[in-house]
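>>> only geometry, no sequence info:
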């Protein structure tokens with residue numbers, strides 16, 4: 001008596017063939033070397049000091065739509081240009097070059113996740129601290145050096161309605177492709193102000209009416225208990241080192257994020273997001 005249980009369907013054969021091909025390719029060193037050689041490693045090409053190179057779909061779309069961003073050049077694949085979904089982009093006042101992904105690799109370096117589009121542009125012009133007198137929520141970073149962290153913090157700051165991100169001129173990342181890519185468009189949506197002396201900048205914020213709250217895992221009070229007034233500047237330090245002593249002495253108060261779990265400290269970008277959420281809710285309730 002025959003049975004159908006052992007019969008192979010065309011679909012079964014198709015997947016079996018794909019599995020064999022996958023095994024053969026991964027077992028074949030020559031095939032692996034060929035795949036690696038299709039995107040050879042390259043370093044970023046040098047760029048003049050008065051320009052920045054930005055890349056990635058979200059980053060470039062936000063830059064093109066920012067009226068304050070002066071773009072001098074764009075490189076894009078045809079597919080990426082379509083995916084930007086910007087009406088009449090060809091009529092913008094900067095040249096667009098249709099290229100291959102490898103052409104962009106040669107500009108950005110092969111490690112950059114450019115998604116087929118890159119621009120060269122003038123850095124954004126920053127406001128002065130005195131221009132923030134009508135703001136309610138600011139974020140201040142005390143020598144946070146990792147551009148990935150600063151980009152993620154910038155994104156959270158925009159999400160929770162902060163009006164500016166203030167960083168130190170030294171030991172902080174400059175405007176760059178890595179920072180902008182990590183910010184996923186937020187670089188174009190928030191004022192990024194660099195200051196030479198953070199203690200002096202905090203004193204100026206005090207004169208503008210801001211309550212400056214330094215986040216510290218050993219802070220004497222829960223952050224929520226320190227929220228007062230109608231203007232708040234949250235101050236966060238670098239991972240590991242935390243706030244510098246002079247910063248700790250200058251802020252209005254030190255506070256902690258009270259966490260019930262075994263771990264009492266967070267990645268600086270996570271701590272920024274949580275404190276921004278609490279401060280924004282407080283200000284909205286006033």
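Ah, there it is. These numbers were taken from a predicted model, which means no experiment stands behind them. Numbers count the residues shown, from 1 in each chain.

>>> Contacts for stretch 95-108 next, please.
With contact meaning C-beta atoms under 8 Å, 6 or more residues apart in numbering, stretch 95-108 is reached by 39, 42, 44-45, 53, 55, 73-78, 81, 89-90, 112, 114, 116-118, 177. Glycine gets a C-beta too; all of them are placed from N, C-alpha and C.

>>> Okay, buried residues for it please.
96, 99, 101, 104, 105, 106, 107, 108 (16 or more other C-beta atoms under 10 Å).

>>> Could you do stretch 168-183 as well?
Quick answer for stretch 168-183 (16+ other C-beta under 10 Å): 168, 172, 173, 175, 176, 177, 178, 179, 180, 181, 182, 183.

>>> for stretch 269-279, same thing?
269, 271, 272, 273, 275, 276, 278, 279.

>>> Just flag the most distant two among the buried residues of stretch 168-183.
Maximum pairwise distance among the buried residues of stretch 168-183 (C-beta to C-beta): 21.9 Å, between 168 and 181.

>>> Counting neighbours, which of the contacts of stretch 95-108 end up buried?
By neighbour count, with 16+ other C-beta under 10 Å, the contacts of stretch 95-108 hold 53, 55, 74-77, 81, 89, 112, 114, 116-118, 177 as buried.

>>> Mind checking which of the residues you listed are in strands?
53, 55, 74, 75, 76, 117, 118 (DSSP state E).

>>> Output those residues as JSON lines; include the columns pLDDT and distance to residue 216.
Shown next, in JSON lines, are those (pLDDT from 0 to 100; distance: C-beta to C-beta, whole Å):
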{"residue": "53", "pLDDT": "95", "distance to residue 216": "36"}
{"residue": "55", "pLDDT": "96", "distance to residue 216": "36"}
{"residue": "74", "pLDDT": "97", "distance to residue 216": "44"}
{"residue": "75", "pLDDT": "97", "distance to residue 216": "45"}
{"residue": "76", "pLDDT": "97", "distance to residue 216": "45"}
{"residue": "117", "pLDDT": "97", "distance to residue 216": "41"}
{"residue": "118", "pLDDT": "97", "distance to residue 216": "40"}
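
>>> Name the nearest of these relative to residue 258.
residue 55 (39.7 Å).

>>> Can you name the residues bridging to that closest one?
Under DSSP bridges, the beta-bridge partners of residue 55 are residue 118.

>>> Surely it is in contact with residue 120?
No. Between residue 55 and residue 120 there is no contact under C-beta atoms under 8 Å: 10.0 Å.

>>> neighbours around residue 204, how many?
The tally of other residues near residue 204 (other C-beta atoms under 10 Å) stands at 16.

>>> isn't it right up against residue 129?
Yes. Counting by C-beta under 8 Å, residue 204 touches residue 129, with 5.1 Å between them.

>>> Against residue 64, how distant is the residue lying closest to residue 76 once chain neighbours are set aside?
Of all residues beyond its chain neighbours, the one nearest residue 76 is residue 117 (4.3 Å), with distances taken as C-beta to C-beta, 6 or more residues apart in numbering. Residue 117 sits at a distance of 10 Å from residue 64 (criterion: C-beta to C-beta, to the nearest Å).

>>> Now for those two: what residues contact both?
Between them, residue 117 and residue 64 share these contacting residues under C-beta under 8 Å, 6+ apart: residue 84.
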